[in-house]
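Engineer: model this:
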Amino acid sequence: MSGGNVYVRDDEFGWLGAKINSTDGGKADVTVYVPTDSEGKKKPKEVKRSIKLSEYSGESLPLQNIDADGNLIEKEDMRDLPSLHEAAILYNLKTRHEKLNPYTRVGDMVIAMNPFQWLTHLYSEEQRTLFADKIIFKAPEAGDPRKGLPPHIYETSAMAYRGLAAHGLHQSILVSGESGSGKTETVKIIMKHLAAVQSLSADSAIFSADATDAIVKRILESNALLEAFGNAKTVRNNNSSRFGKYIQLQFDVEDGRSAELAGKKLPTCVLAGSINNTYLLEKSRVVGHESAERTYHIFYQILAAPEDVKTKLWGGLAGATNSSFKYIGDCEPLLIDDMTDGQKWEETANALAGIGIEGEKFDTFMRAICTVMQLGNISFAENPSNSEETIIDSKDELNKLGDLLAVETSNIEKALTTRAVTIGRETYDKPLKLSESQETRDAFAKEIYFQIFDYIVAVMNTMTSAENNYDKANEVQEFGRVSLLDIFGFESFEVNRFEQLCINYANEKLQQLYTLDTFRSVQEEYEDEDIELESVTFPDNASVLRLVEGRVGVIALLNEECVRPNGNDETFVSKVCLVNKDNPDMLQGRLFRPYEFAINHYAGTVKYDARMFVHKNTDNISSNLLDLACKSSNELISVELKAAADARLAKPSGGRKKKGQSTTVATKFRSQLTPLMN
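Structural biologist: From the prediction side, this is the model:
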C-alpha cells in the first residue's frame, strides 16, 4: 500500500495526515504532515515516523477521503464519506468548521461545531421560512423532507414540530456536548424557531417571535433569567450553564381528524406554555471560584447597575465594585452576547418584571442577592479569652448584614459561631471553631442563593405554564410537548471536585442512552427490511455506571460515609478504591494523594479530588441558621428558608427514615436522572 494517504495518531493533534512510504510485516514507515501554523496556510513540516500497525484497528492505518485532485472530500452527511472512522469524522468537521459551516448531519442527528461568533445569515427570516416550508408546511407526502436542505439545527426543531403537529406524538430533543460546545445557545435557537413557526391556520405560519403573544414572549425571556442566575464564566466558556435543565414546551395541537374534516393539510399547533425543571445547581460557585473564572452573572450585573438604582436597593451598594465583595472578587470586564454586565442588568430587570417581580418585590429580591454577597465579607477570629470559641471580628460588615436581614447582630453572630446540640431533652449551644464558622457562613450563603434560584424557576413556571396562562387551557385534554434536555457537558479540569463527578455521571447515563437507542434503531431498521443482523458488539459503559451508582459504588459508599460518625473524605476514598479494586474503570495511582482517585469515563480518564465530598454530599444547614433566616424581615429569605426547614423536619410517608437513607445530594440527583433517562 505504498503511497497511500492515511491518518496516524498524534499526541498533540489527535490525528495527522500521512503518506505510506513502505510496509514491512507489522510496521509501516510513513511521512507525517505536521501543521506549522494554526490556520493551515503555511506548508506543513514533513516528519518520518515508524508506526506499529498492531496499535490500530484491523492492523491497518485509517484511509483519508481524497478526491482525484488530492483534496479532502467534504460531506454534509457523514454517512456519505467513502471511509468512515474517527479521523475521517474529525477532519470532515474541521474542514466544514473552517468554511464557517457549523452544522453537519449524521443521519437523524445534527452535529454543531461552535464557531464562537454569530453567523447572521444562518438564522435569518429566510432561513426560518425555508426550513418551515420544506419540512413542515410544504413537505412531500413521502420520503425525507430534509432532502436538498443543508444541515441546520432548524431541521431538528422543524422535524420535532412536524412530528407533534402531523402525528400527535410528543417529541424530545437532546442537546449534548462538552462544556463550551454551544449547548445553551443551541437550545435558545431551537426555542426561538419553535416559537416563531406556529401553524395558526391550515397553511399559515408566523415567522417572527415579535408577533407572538405575551406568554411566548415570557417563555423566550426566561432564558435570560436562567442565564443570569445559573450561568457563569469558566476557563472554557464565558457563559457556562452551571446547572442542568429540562424544558417542556407545551403546544395546543388540533385533533388530526378535526383538521382533516376542515380540509387542512396540517393540524393547528400553537405554543401555549412551558415548564422548566432544573438539576444540580453548582452551589459551591457562590462562595468561591478559580482566579480565571467568575461566580454567577447576576452578582456582576447588580454591581454594574446605575448608581441611583444601587443606592435605592441598599446603601451598601453605593460606590461598590466587584472587589468590594470577597465572594465576587475583581475580574476583567466580560461581554455576554456582546452585552456588558450593565446592559445585562437591564435585560434581567425587564425579564423579572415580565414574570411579576417588580416594585417592592423586586427590591426585596435584590436585597436577598445582596445578603449573599455581604455574607462573604464576614470574617472571624479566635476568642482571645477562649481559643475554642470564635467571634466575628468585622463589626462594620456585621452591621451591614444586620441591616439587610433586619435581625439583631447578636443573633447573627450566635448563628454563625455556635451550633445547637440536643442531648436527650436538653439543648445547648456548642461553640464552633474558626474553620467551622467559616463553613457555616458559606453554607448559609449557598442555601440562600439556592432558594433564590429555586424561587425564580417556580415563579417562571407559574407565569409560563399553559395550565395557568393559556386562554383555552380548559378546552385542552392534554398538551403536546416538545421537550429539550440541556445538561452539563462532560468536564475534566486540572482539579475535579464533587460537582464534576455528578456532571460526568450524568453524561455517562446519557452516553448509555444514546448507545442503546442508536443500536436499537439500527436493529429495528434491519428487522423491518428482513436483513439478517449478525451479533454486533458496541462500546458499553455499564462497568463505569456500576462503579458510580452500583450497590457498593461511589454514591453508595459516599452516602455511607455521610451518615457515619466522623465520616471523612480520605476514608471514603480508601473504601471505594478497596471495594472496587477489581473494576478496571477504578484507578488509584501510586502517586495519588489519599483523597484522590480516578475513573475511566467514556470520554477519558478523570482524576477526582475528594476533599469536601462528604460535606458537599451531606449539604446540611444548621437549625441555628434556619431560625435566623425565619426571623429576617426579608420575605424571600424567611419564607423560602422556612419551607426548607419544614421539609427538613417532615418525616417520610413511610414513617421513620432508615439509617443511611438521608436524602443526600448524590441520591437526589440520581433519582432526578432516572425519569429523565426513561
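
Engineer: Stretch 150-164: how far from the chain's middle?
Structural biologist: Put simply, stretch 150-164 sits 22 Å off its chain's centre (Cα atoms, centre = their mean, to the nearest Å).

Engineer: Let's test this: mean pLDDT of it, rounded?
Structural biologist: Across stretch 150-164, pLDDT averages out at 97.

Engineer: List the contacts of it.
Structural biologist: 76-77, 101, 103-105, 110, 112, 122, 127-128, 131-132, 134-136, 139, 145-146, 149, 169-171, 173, 186, 189-190, 193-194, 197, 251, 253, 269, 480-482 (Cβ atoms under 8 Å, 6 or more residues apart in numbering). C-beta here means a position set from N, CA and C on the backbone, and glycine is covered the same way.

Engineer: Also stretch 428-442?
Structural biologist: Counting by Cβ under 8 Å, 6+ apart, 287-288, 375-376, 378, 380-382, 386, 388-390, 414-421, 615, 622, 624-625 sit against stretch 428-442.

Engineer: Per-residue confidence, Gly180, what does it come out as?
Structural biologist: 85.

Engineer: Can you verify my assumption that Leu375 contacts Leu401?
Structural biologist: Yes: under the criterion of Cβ atoms under 8 Å, Leu375 makes contact with Leu401 at 6.6 Å.

Engineer: and these two? which has more neighbours close in?
Structural biologist: Leu375 (27 against 24; other Cβ atoms under 10 Å).

Engineer: how about the nearest residue to that one, chain neighbours excluded?
Structural biologist: Setting aside the residues directly before and after it, Leu375 is nearest to Ala445 in space (Cβ to Cβ, 6 or more residues apart in numbering), at 4.2 Å.

Engineer: and the one you found, how many neighbours does it have?
Structural biologist: Going by other Cβ under 10 Å, the residues that sit close to Ala445 add up to 21.

Engineer: Equivalent analysis for Val552, please.
Structural biologist: As a burial measure, the neighbour count of Val552 was computed by other Cβ under 10 Å and equals 14.

Engineer: what do you get for Phe572?
Structural biologist: Counted with other Cβ under 10 Å, the neighbours of Phe572 add up to 24.

Engineer: Need phi/psi at it.
Structural biologist: Main-chain dihedrals, Phe572, degrees, to the nearest 10: phi -60, psi -50.

Engineer: That one: what's it in contact with?
Structural biologist: Taking Cβ under 8 Å, 6+ apart as the test, what Phe572 contacts is Leu557, Leu558, Glu561, Ala610, Phe613, Val614.

Engineer: any idea how far it lies from Thr618?
Structural biologist: Separation of Phe572 from Thr618 (Cβ to Cβ, to the nearest Å): 12 Å.

Engineer: One more: Asp486?
Structural biologist: As for Asp486, its distance to Thr618 is 28 Å (criterion: Cβ to Cβ).

Engineer: Look at these two and report which has more neighbours.
Structural biologist: Set side by side, Asp486 and Thr618 show unequal neighbour counts under other Cβ under 10 Å, the larger going to Asp486 at 23 against 16.

Engineer: Can you report phi and psi for that one?
Structural biologist: For Asp486, the backbone dihedrals are phi -120, psi 100 (criterion: degrees, to the nearest 10).

Engineer: now do Glu358
Structural biologist: Backbone torsions for Glu358, taken as degrees, to the nearest 10, come to phi -150, psi 170.

Engineer: how close does the closest residue to it other than its chain neighbours sit to Val573?
Structural biologist: Closest residue in space to Glu358, ignoring its immediate chain neighbours: Leu352 at 6.8 Å, by Cβ to Cβ, 6+ apart. Taking Cβ to Cβ as the measure, Leu352 and Val573 are separated by 43 Å.

Engineer: Between those two, which has more neighbouring residues?
Structural biologist: A count of neighbours by other Cβ under 10 Å puts Val573 above the other of Leu352 and Val573, at 26 against 22.

Engineer: Identify the residues contacting that one.
Structural biologist: Gln588, Pro594, Tyr595, Glu596, Phe597, Ala610.

Engineer: how is the chain carved up into domains?
Structural biologist: When the chain is parsed with automatic domain parsing, its domains come out as 5-98, 103-114+121-282+475-486, 498-618.

Engineer: next one: the second one to chain centre, how far?
Structural biologist: In other words, domain 103-114+121-282+475-486. Centroid separation between domain 103-114+121-282+475-486 and its chain, computed with Cα atoms, centre = their mean, is 18 Å.

Engineer: that older thread, what residues are up against the residue nearest to Leu375?
Structural biologist: If a contact means Cβ under 8 Å, 6+ apart, then Ala445 has Val286, Val287, Tyr327, Val372, Leu375, Gly376 as its contacts.

Engineer: Show me the helices in the stretch 401-550 of the chain, by range?
Structural biologist: With DSSP state H, counting those that start in this stretch, the ranges of helices along the stretch 401-550 of the chain come out as 409-417, 434-464, 466-469, 498-528, 542-549.

Engineer: Just the mean pLDDT for the third one, thanks.
Structural biologist: Per-residue pLDDT over helix 466-469 has a mean of 94.

Engineer: Would you mind listing the buried residues in that helix?
Structural biologist: Within helix 466-469, the residues that qualify as buried by neighbour count (16 or more other Cβ atoms under 10 Å) are Ala466, Asn469.

Engineer: Check which helices and strands it sits against.
Structural biologist: Helices and strands touching helix 466-469, by 3 or more Cβ pairs under 8 Å, 6 or more residues apart in numbering; DSSP states H and E, are strand 269-279.
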